[in-house]
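> Build me a model from this:
(chains A, B and C)
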Amino acid sequence: MNDTVTLEVFRYRPEEAEEPTFERFRVPARRQWMILDALNHVKDDLDGSLSFRWACRMGVCGSCGMTVNGKPVLTCATYLSDAASSRDPVRIEPLHGFPVVRDLIGDIRDFIAKLKRVKAWIVRDDEKPLSEGAYLQTPAELARYKQYSMCINCMLCYAACPIYPLEPEFIGPAAIALAQRYNLDSRDAGAEQRMDVLSRDDGIWSCTFVGECSVVCPKNVDPAGAIQRYKLQATADWFKSLLMPWRGR
Amino acid sequence: MKRSNEPFFWSLFSAGGTISALALPAIVGTLWIAPAFGWLEPLDGDDLLALLEPPLARLGVFALVALSLFHWAHRFRFTLYDGLQLKHLFGMIATLCYGGATALTLMAGYLLWSL
Amino acid sequence: MSKSYRLYHPKWYRRRMPIFWWLRAWSYTRFITRELTSLAVGYGAVLLLVSIWAVTRSEETYEHFSDLVLSTPALVLHLLVLAALLLHTLTWLNLAPRAMALYVGGRRVPDALVLAAHYLAWAAVSVGVVWLLTRGTA
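Numbering: from 1, shown residues only, chains lettered A, B, ... in the order given. A predicted model of the protein is given here:
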């Protein structure tokens, strides 16, 4: 039957069962539907208890990340027909690497905590008062970090990274890319503080450049590239502090 | 908050990876594959000793061997940690990998020095 | 909620990472294969070391070593080693531009240029190595 598509959805309802199950739903095979539309159809018409996150439905908020047919994707940006043509029934699971709270919802507070640790904001020694006007930045200065500012915190990179589930302490691709976004920002003065957080065994040194994070990133942030570039920086810094210890931190 | 000393090992890994990537294929091909096919005369003992006579050559070979070994040590350590989930054996693995690399490097240094 | 509460929260489902996670997706298998090329790098270094050891021992030891190294089973092994080394070289050089963000006069050096420079270096070193190793015997 090709006017419907079967979804095989991960269900986890801790109040009912200890172990998760997969439940099948048959949804209309609408040409213009994304996976998210199919899930909303399930929730509206088939089973209102299905729980999942979504918001903007246009690929900018980063809420709807899930594992579809084994790959981490934004469900609002993945066509139902594409998923069905690669595997039928379409398997939908929560993002890998995160503990599952319920159904398709993962606990992402680890990531939020890491964003805070990495100080993903402009750090300055002195704040200019509003009366003195805005911080000015040339297009060239913007170009240095712009790619990393595209991150929408969707965590697909954490789901794709094989190291993250093996080492939950690993600070992770997005956190490092965002740290770099601020390190490379001409208005920022927090690079030293961030290096204390990043140049640790649970920071960049857990990364082995698998590269899958950059492959799945929907915004072409290239966190893998950010991490490798930071490794070079951290190494240069390590040698400098070894050979020239008088350089103040 | 203490920063890791991993950069030291990573720089050995990087240097070793680069030097082995650039030089080893040609060395393996020229020394051990082409002669086995009969495309080249195999290098005999005197030729090898003559090649290793200049101190610069000995230094170059030492750098190649040492850095390649430490490249292997670092990379294999992480492969065991992640590939076979043996991170809890980190003491034994580190000793095996870096200890092995150090021992062989010292042997290389001794051999090349005493030529 | 404290971290320890979350860590041991009994109701949240945690999926274990299987030992052979790297067999479950082709991208992960490619990654592990790439990492295992380090064994070929180590082998190449060790064989070089052994050949130097053999030549310092005695004429007979080196000849015996040479016979072993040029035998057919060794050749088969070395063809595999060469394949692994080439994989190492290609993956290493191709990833190099991602790790380097070089700025010259405020403009970013294009990746293609960095890549080309690396391949040129590989060609130059290879030619140099072949020349060095064959000039006595050719």
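> what does chain C put close to chain A?
Selection of chain C residues close to chain A by CB under 8 Å from any CB of the partner chain yields C:1, C:3, C:6, C:9, C:11-15, C:17, C:21-22, C:24-25, C:27-28, C:31, C:35, C:95, C:98-101, C:106-108. Quick note: C-beta positions are derived from backbone N, CA and C, even for glycine.
> ok, now with 10 Å
Residues of chain C lying near chain A by CB under 10 Å from any CB of the partner chain: C:1, C:3, C:6-7, C:9-17, C:21-22, C:24-25, C:27-28, C:30-32, C:34-35, C:91, C:95-101, C:103, C:106-108, C:111.
> In helices, which of those residues appear?
When DSSP state H defines the helices, the subset of the residues of chain C next to chain A inside them is C:3, C:6-7, C:27-28, C:30-32, C:34-35, C:91, C:95-99, C:111.
> Of the residues you listed, which count as buried by neighbour count?
Burial by neighbour count, judged by 16 or more other CB atoms under 10 Å in any protein chain shown, picks out C:27-28, C:30-32, C:34-35, C:91, C:95-99, C:111 from these.
> Need the residues that contact the strand or helix carrying B:Ala36.
B:Ala36 belongs to helix B:34-37 when assigned by DSSP states H and E. Contacting residues not belonging to helix B:34-37 are listed as B:28-29, B:40-43, C:66, C:69-72, C:74-76, C:78-79, C:130, C:133-134, C:137 [CB atoms under 10 Å, 6 or more residues apart in numbering or on different chains].
> please redo it, this time with the cut-off set to 8 Å
B:Leu40, B:Glu41, B:Pro42, B:Leu43, C:Val69, C:Leu70, C:Ser71, C:Thr72, C:Ala74, C:Leu75, C:His78 (CB atoms under 8 Å, 6 or more residues apart in numbering or on different chains).
> want to throw these into TSV with neighbour count and secondary structure?
Formatted as TSV, those follow (neighbours: other CB atoms under 10 Å in any protein chain shown; DSSP: H, G, I helix; E, B strand; the rest coil):
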residue	neighbour count	secondary structure
B:Leu40	18	coil
B:Glu41	13	coil
B:Pro42	17	coil
B:Leu43	22	coil
C:Val69	20	helix
C:Leu70	18	coil
C:Ser71	12	coil
C:Thr72	8	helix
C:Ala74	17	helix
C:Leu75	16	helix
C:His78	23	helix
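> Out of those residues, which is nearest to chain A?
C:His78 (27.3 Å; CB to the nearest CB).
> Quick one: low-confidence residue ranges for the chain.
The chain I'm using is chain A. Filtered on pLDDT under 70, chain A yields the residue ranges A:1, A:247-249.
> nope, chain B
For chain B, the stretches flagged by pLDDT under 70 are B:1-2.
> For chain B, which residue gets nearest to chain C?
Taking CB to the nearest CB, chain B has B:Trp72 as its residue nearest chain C, at 3.3 Å.
> ok, that residue - contacts?
Contacts of B:Trp72 (CB under 8 Å, 6+ apart): B:Gly16, B:Cys97, B:Ala101, C:Ser38, C:Leu39, C:Val41, C:Gly42, C:Ala45.
> how much space is there between C:Thr37 and chain B?
To chain B, C:Thr37 is 8 Å away according to CB to the nearest CB, to the nearest Å.
> coming back round to it: apart from its chain neighbours, what residue comes closest to the residue of chain B closest to chain C?
The shortest distance from B:Trp72 to any non-neighbouring residue, by CB to CB, 6 or more residues apart in numbering or on different chains, is to C:Gly42 (3.3 Å).
> From the structure, what's the count of residues near that neighbour?
24 (other CB atoms under 10 Å in any protein chain shown).
> list the contacts for A:Asp185?
By CB under 8 Å, 6+ apart, the neighbours of A:Asp185 are A:Ile122, A:Glu141, A:Arg144, A:Tyr145.
> can you tell me which two in those are farthest apart?
A:Ile122 and A:Arg144 (14.4 Å; CB to CB).
> in which helix or strand would I find the residue nearest to B:Trp72?
helix C:26-57.
> helices and strands around that helix, which ones?
Under the contact definition 3 or more CB pairs under 8 Å, 6 or more residues apart in numbering or on different chains; DSSP states H and E, helix C:26-57 sits against helix A:212-216, helix B:6-28, helix B:45-51, helix B:55-83, helix B:100-113, helix C:59-69, helix C:72-99.
> now those helices in a markdown table, with distance to A:Leu36?
Below are the helices and strands packed on helix C:26-57 laid out as a markdown table (distance: least, CB to CB, whole Å):
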| stretch | distance to A:Leu36 |
| --- | --- |
| helix A:212-216 | 17 |
| helix B:6-28 | 41 |
| helix B:45-51 | 66 |
| helix B:55-83 | 33 |
| helix B:100-113 | 51 |
| helix C:59-69 | 61 |
| helix C:72-99 | 32 |
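> Can you say which of those is nearest to A:Asp37?
Nearest to A:Asp37 among the helices and strands packed on helix C:26-57 is helix A:212-216; the distance by CB to CB comes to 21.2 Å.
> Now find how far off-centre the next helix or strand after the closest one is within its chain.
Downstream of helix A:212-216, the next assigned helix or strand under DSSP H and E is helix A:223-243. Its chain's average C-alpha position is 23 Å from that of helix A:223-243, according to CA atoms, centre = their mean, to the nearest Å.
> Now do helix A:223-243: everything it contacts.
With CB under 8 Å, 6+ apart, helix A:223-243 has contacts from A:148, A:151, A:157, A:173-174, A:176-177, A:179-180, A:183, A:195, A:198-199, A:204-205, A:207, A:209-211, A:213-214, A:217, A:247, A:249, B:3, B:5, B:7-8, B:10-11, B:14, C:95, C:98-101.
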